[in-house]
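Enquirer: Have a look; sequence and predicted model below, questions after that.
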There are 2 protein chains.
Amino acid sequence: MRKVAILGIGQIRVDEHWDKTLLEMAGEAVFAALNDAGRDRVEGLFVGNMLASQLDKQSHLGALIADWVGFRGIEAMTVEAACASGSMALRTGVMAVASGMLDSVIAVGVEKMTDSPPHETTAALATAADADWEVIHGITFVGLNALLMRRYMYEYGWKHEDFAPFSVNAHANGAKNPFARFQRPITVETYKKAPMISDPVNLMDSSPIGDGAAAALIVPVDSIQKRGGRPLVTIEGSASAIDAVAVHDRHDPLWLSAAEKSSQRAYRQAGVGPNDIDFFEIHDAFSIMSALSLEACGFAERGQGPRLALDGAITPQGSIPLTTLGGLKARGHPVGATGMYQIVEVVQQLRGEAGAAQIDGAKIGMAQNIGGSGATIVTHILKARG
Amino acid sequence: MRKVAILGIGQIRVDEHWDKTLLEMAGEAVFAALNDAGRDRVEGLFVGNMLASQLDKQSHLGALIADWVGFRGIEAMTVEAACASGSMALRTGVMAVASGMLDSVIAVGVEKMTDSPPHETTAALATAADADWEVIHGITFVGLNALLMRRYMYEYGWKHEDFAPFSVNAHANGAKNPFARFQRPITVETYKKAPMISDPVNLMDSSPIGDGAAAALIVPVDSIQKRGGRPLVTIEGSASAIDAVAVHDRHDPLWLSAAEKSSQRAYRQAGVGPNDIDFFEIHDAFSIMSALSLEACGFAERGQGPRLALDGAITPQGSIPLTTLGGLKARGHPVGATGMYQIVEVVQQLRGEAGAAQIDGAKIGMAQNIGGSGATIVTHILKARG
């Protein structure tokens, strides 16, 4: 198996891009990644997207985007795994390059969510849950996360405000990221006074949707001749796992078994453990997801995710910095693009190019992307080489 | 790169399966493939599907189907490339197995189209065309193929009835396939008298939609210990390429450049040429597509696709038998599943298990799956080993 490196990254700010089409957004991220890599062509373009067929009445994005950026004749496809579509597109690219079938691939995550009426976007997002057993009862993803958070608070005795540090940290970090949708810090008071959405999930527990695109260009490590003094970022671990889509079908709704399985596989591939990870781009779609993911990936004991946050471990100076460029909460969550934003941000940190948000001595970074309420979980571990 | 073999296949009859859910359909095909392979577990399940998020309000099929068949914890995703989604799921599985990342994958194509009102299905299918430049004008896929067929007839002087043999051959072959939606032969008269849909495309130029699921289980060739005397089918070529999605954007609308590129790549990988192919599961969504594909893949001179058909070369006894188990025209075209039906049928032929439809001495078979009106084209070449 050939080892794979990320040679170029590109992203646009997560925002309400009413003036840009989905193709224009994807194109900007792709061109930025090509430019960053110093390449003008790739052999494959894999798209991570969840909603375009519903909200834009456009499927077949692989061919469409590849042609839009001028790559007629290459290989292209779309990969979908709900909100984990972005990182799954990268993982598919890693398979293609690692196998030797392709020598260069761009994975691009793209999502356009704010042109549609909110009820349509909410209904489209709900297709990631189990249509026959969950959505039919009218529940949305906010509702599903509220059920999980309520039960978690009951089981382990946490108060709602104990989750505040996840949100406060994300917004503090997002304030240093020019690509973040929200670039203003918030206080614990802001968190506590935020409007309730689905009790106990309030507005500050919830990541915002948005329009966005992020891309990475991958090649075999052996093919890289020179890289101008910048650290090379290699993909040391890439794994995914599934659990039941419907929350009630899981053996243990408060344990993200797919996060455990995919992170354990990625740790094994990379030859590392949780203690070796310098920072973690976690899938903080809702604050309860951060707590559950920290526990399933071995950073906290069961039921003790909020403890890490309350102790300051998740801040840039802490033992396991989270959401270092704002996370889903502040950078924004354009669903099919989110996984690629996480990858791009890990590369920024590992190269020392994260600006004011830079984590000192970041050498090994992890990104975890979650589809649905925990049904598909993709974990990547990236490393900086000298 | 590890060489990949198809160890098991499974399919259900293409039909109006109003009594079965999408999960039940996919499950039947997966269980049949497992049973055929003598396995009870795989490491990955890759789904080819185009329409479920629109027609069933269900995305996230990878996790959903993998859990449905009892494989909680494995890796799963959905791959979409319009009507080429099925074979693209197989190709992604080949990448995973060839790279060494996974040791066994089931690729399953599944589509449920007949539960929805026809106008919704037609609109959902149209998302495979360019929403901004084609669909906005109200054109459907029948219309796009009518434009191509009309121009082709004008350029090369063919009459409508010259295309009859494609349809007659498909229905004659489908009559021998218990999994085909239509199992009755038709005559040239039936073809000529068929109701016009979009001039010059009539009902007998058009493949029917349907509900269906087909699956294949793949493993590395080296991992196979015994196979009970049946020929082993290996994947010798696997390639895909794109062209512009909008027909008017192509340099030459009557030349399927993506078919040429993907077939040339597959020929090169397999070390064969068109003359070595014993039979060809062609993407006969419309009869014009058969003619264009034969030409782009090197079986006929430009403009001469119908000549092969008129000369009888495409029948089971001809030099290049097409649609040997009915093709899209008679077996049916459940879009995201079609590519996997083609693969399953090639395996049936290469193993000598095609029953009354068996092609004598079939050793090398080709399958080609087309997304949109020619924008994504995936070609596989399979071979029987002793």
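Expert: Structure received. Keep in mind that this is a model prediction, so the values were computed, not measured.
Enquirer: List the contacts of the nearest residue to A:Gly100 once chain neighbours are set aside.
Expert: With CB to CB, 6 or more residues apart in numbering or on different chains as the criterion, A:Gly100 has its nearest non-adjacent residue at 4.5 Å, and that residue is B:Met1. Quick note: C-beta positions are derived from backbone N, CA and C, even for glycine. When contacts are counted by CB atoms under 8 Å, 6 or more residues apart in numbering or on different chains, B:Met1 is found next to A:Ser99, A:Gly100, A:Met101, B:Ala98, B:Ser99.
Enquirer: same thing but at 10 Å, please
Expert: For B:Met1, the residues meeting the contact criterion (CB atoms under 10 Å, 6 or more residues apart in numbering or on different chains) are A:Met1, A:Arg2, A:Ala98, A:Ser99, A:Gly100, A:Met101, B:Val94, B:Met95, B:Val97, B:Ala98, B:Ser99, B:Gly100.
Enquirer: Next: A:Glu134.
Expert: Taking CB under 10 Å, 6+ apart, we find A:Glu134 in contact with A:126, A:128, A:140-141, A:143-144, A:245-249, A:372-373.
Enquirer: where exactly do the strands run in chain A?
Expert: For chain A, the strands defined by DSSP state E occupy A:4-11, A:44-48, A:75-80, A:105-111, A:196-198, A:201-202, A:212-220, A:232-242, A:279-281, A:364-371, A:376-385.
Enquirer: State the phi and psi torsions of the residue of the stretch 251-386 of chain A found nearest chain B.
Expert: Using CB to the nearest CB, the single residue of the stretch 251-386 of chain A nearest to chain B is A:Ala375, 4.1 Å away. Per-residue torsions, A:Ala375: phi -80, psi -40 (degrees, to the nearest 10).
Enquirer: wait, doesn't it sit right on B:Ile65?
Expert: No: contact criterion CB atoms under 10 Å: A:Ala375 and B:Ile65 do not qualify, at 11.4 Å.
Enquirer: residues shared between the contacts of the two?
Expert: Taking CB under 10 Å, 6+ apart as the contact definition, A:Ala375 and B:Ile65 share the neighbouring residues A:Ile242, A:Val245, B:Ala76.
Enquirer: In contact with the last one, which residues?
Expert: This points to B:Ala76. The neighbours of B:Ala76, taking CB under 10 Å, 6+ apart as the test, are A:81, A:88, A:240-242, A:371, A:375-376, B:42, B:44-47, B:60-67, B:69, B:105-106.
Enquirer: what's A:Asn202 in contact with, if anything?
Expert: With contact taken as CB under 10 Å, 6+ apart, A:Asn202 is in contact with A:Ala146, A:His160, A:Phe163, A:Ser167, A:Tyr191, A:Lys192, A:Lys193, A:Ala194, A:Pro195, A:Met196, A:Ser287.
Enquirer: what separates it from chain B, distance-wise?
Expert: 26 Å (CB to the nearest CB, to the nearest Å).
Enquirer: per-residue confidence at A:Arg227?
Expert: pLDDT, A:Arg227: 66.
Enquirer: coming back round to it: mind checking which of the contacts of A:Asn202 are buried?
Expert: Buried members of the contacts of A:Asn202, counted by 16 or more other CB atoms under 10 Å in any protein chain shown: A:Ala146, A:His160, A:Phe163, A:Ser167, A:Tyr191, A:Ala194, A:Ser287.
Enquirer: Quick check: residues of the stretch 151-300 of chain A near chain B?
Expert: A:238-246, A:249-251, A:257-258, A:260-262, A:265, A:269 (CB under 10 Å from any CB of the partner chain).
Enquirer: Report the contact partners of the closest residue in space to A:Gly93 that isn't next to it in sequence.
Expert: Distances taken as CB to CB, 6+ apart put A:Val105 closest to A:Gly93, at 3.7 Å, once the chain neighbours are dropped. With contact taken as CB under 10 Å, 6+ apart, A:Val105 is in contact with A:4, A:42-46, A:74-76, A:89-90, A:92-97, A:216-219.
Enquirer: Can you report how many residues neighbour A:Gly336?
Expert: A count of neighbours around A:Gly336, defined by other CB atoms under 10 Å in any protein chain shown, yields 33.
Enquirer: cool, the one 10 residues further on as well?
Expert: By the measure other CB under 10 Å, the count of residues near A:Val346 is 31.
Enquirer: partners of the residue nearest to it when sequence neighbours are not counted in the sheet?
Expert: In space, A:Val346 comes closest to A:Gly365 once its chain neighbours are excluded; the distance is 4.0 Å by CB to CB, 6+ apart. According to DSSP bridges, A:Phe279, A:Leu382 are recorded as the beta-bridge partners of A:Gly365.
Enquirer: Isn't A:Leu294 up against A:Ile314?
Expert: Yes: here A:Leu294 lies in contact with A:Ile314, judged by CB under 10 Å, at a distance of 8.2 Å.
Enquirer: Quick check: neighbours shared by these two?
Expert: A:Phe166, A:Phe280, A:Ile282, A:Gly305, A:Leu308, A:Ile320, A:Leu322.
Enquirer: Emit the ChimeraX select command for whichever of these are buried.
Expert: Isolation of the buried members of those (16+ other CB under 10 Å) is achieved in ChimeraX through the command below:
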select /A:166,280,282,305,308,320,322
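Enquirer: want to throw the shared contacts of A:Leu294 and A:Ile314 into a markdown table with pLDDT?
Expert: A markdown table is the format used below for the shared contacts of A:Leu294 and A:Ile314 (pLDDT from 0 to 100):
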| residue | pLDDT |
| --- | --- |
| A:Phe166 | 98 |
| A:Phe280 | 98 |
| A:Ile282 | 98 |
| A:Gly305 | 98 |
| A:Leu308 | 97 |
| A:Ile320 | 98 |
| A:Leu322 | 98 |
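Enquirer: out of the shared contacts of A:Leu294 and A:Ile314, which one sits closest to A:Leu232?
Expert: Within those, the smallest distance to A:Leu232 is 21.1 Å, found for A:Phe280 (CB to CB).
Enquirer: and the residue nearest to that closest one when sequence neighbours are not counted, how many residues sit next to it?
Expert: Setting aside the residues directly before and after it, A:Phe280 is nearest to A:Met366 in space (CB to CB, 6+ apart), at 4.9 Å. By the measure other CB under 10 Å, the count of residues near A:Met366 is 28.
Enquirer: A:Met366 contacts A:His283, correct?
Expert: No: under the criterion of CB under 10 Å, A:Met366 makes no contact with A:His283, lying 11.2 Å away.
Enquirer: shared neighbours of these two, anything?
Expert: Contact with both A:Met366 and A:His283 is made by residues A:Gln342, A:Thr379, according to CB under 10 Å, 6+ apart.
Enquirer: What residues sit buried inside stretch A:360-376?
Expert: Counting neighbours by 16+ other CB under 10 Å, one finds that the buried residues in stretch A:360-376 are A:362-376.
Enquirer: so what's the closest residue in space to A:Ala241 that isn't next to it in sequence up against?
Expert: On the basis of CB to CB, 6+ apart, the spatially nearest residue to A:Ala241 that is not a chain neighbour turns out to be A:Lys261, at 3.7 Å. Listed by CB under 10 Å, 6+ apart, the contact partners of A:Lys261 are A:Ala239, A:Ser240, A:Ala241, A:Ile242, A:Asp243, A:Ala296, A:Ile377, A:Thr379, B:Arg72, B:Gly73, B:Ile74, B:Glu75.
Enquirer: Show me what the first one is bridged to.
Expert: Each beta-bridge partner of A:Ala239 is listed here, defined by DSSP bridges: A:Thr379.
Enquirer: these two touch, right, it and A:Thr376?
Expert: No: taking CB under 10 Å as the definition, A:Ala239 is not a contact partner of A:Thr376, at 11.7 Å.
Enquirer: so what's A:Pro231 up against?
Expert: Contacts were defined as CB under 10 Å, 6+ apart; by that measure A:Pro231 touches A:Val347, A:Leu350, A:Arg351, A:Gly352, A:Glu353, A:Ala362, A:Lys363, A:Lys383, A:Ala384, A:Arg385, A:Gly386.
Enquirer: Now distance to A:Met340 too, for these, in TSV please.
Expert: Converted to TSV, the contacts of A:Pro231 look like this (distance: CB to CB, whole Å):
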residue	distance to A:Met340
A:Val347	11
A:Leu350	16
A:Arg351	16
A:Gly352	20
A:Glu353	17
A:Ala362	19
A:Lys363	22
A:Lys383	18
A:Ala384	19
A:Arg385	22
A:Gly386	25
